[in-house]
Each structure stands twice: as structure tokens, then as C-alpha cells.
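Peer 1: structure of the sequence below:
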Amino acid sequence: MKTLIYRIKKLSIRLKMRSATAEIDAAERRIANDKLLIERLYRYRSELQADLFWAEKQNMQVRGANV
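Peer 2: This next block holds a predicted model:
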């Protein structure tokens, strides 16, 4: 009887370990995806800043020509 209880507990622990391992793997994938998204957003922000600088520069050139 003791071995049966032991085996049931062991099986229960193994199932919990599998579940925990799966959750860790899923969390690591989410973190990797978030890092990729952050990198893309930084790149997009940089492009927008460059576009803004270019637009301001063009606006200053137009103003200078009108003066």
C-alpha cells in the first residue's frame, strides 16, 4: 500500500513539474517576443524622429526662401 501511495505522489509531482516547465517555456517565449517588439518599436521611433527632423529642416528652408 505504501508503494502505491508513493507512486501516486511521485506521478503527481512529475505532472506538476511538466506543467511548471511548460509555463516557464511559454514565459520565455513571451519575453523573447516582447524583446523583439521593443526592438522594432525603438527602430520605428528612430525612423519617425528622422522624418520629423527632415520635415522641420524642409520647413526651415521654405521659410528662409519666403523671407
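Peer 1: may I have stretch 54-63 as CSV, with CA atoms only?
Peer 2: What follows is stretch 54-63 as a C-alpha-only set of coordinates in CSV (Å, rounded to 0.1, in the frame of the first residue of the first chain):
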residue,chain,number,x,y,z
TRP,A,54,13.7,66.1,-42.2
ALA,A,55,10.3,67.8,-42.2
GLU,A,56,11.5,70.6,-39.8
LYS,A,57,14.6,71.1,-42.0
GLN,A,58,12.4,71.4,-45.1
ASN,A,59,10.1,73.8,-43.3
MET,A,60,13.0,76.0,-42.3
GLN,A,61,14.3,76.0,-45.9
VAL,A,62,10.9,77.1,-47.2
ARG,A,63,10.6,79.8,-44.6
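Peer 1: tell me the mean pLDDT over that stretch?
Peer 2: The pLDDT scores in stretch 54-63 average 82.
Peer 1: okay, now the unreliable bits of the chain?
Peer 2: The chain contains residues with pLDDT under 70 at 63-67.
Peer 1: the helices in the protein, which residues?
Peer 2: Under the criterion DSSP state H, helices of the chain are mapped to 2-66.
Peer 1: what about residue 25, how many residues nearby?
Peer 2: 10 (other CB atoms under 10 Å). The C-beta positions use only the backbone N, C-alpha and C, and glycine is treated the same way.
Peer 1: distance check, it against residue 32.
Peer 2: The gap separating residue 25 from residue 32 is 11 Å, by CB to CB, to the nearest Å.
Peer 1: cool, and residue 50?
Peer 2: Residue 50 is 28 Å from residue 32, by CB to CB.
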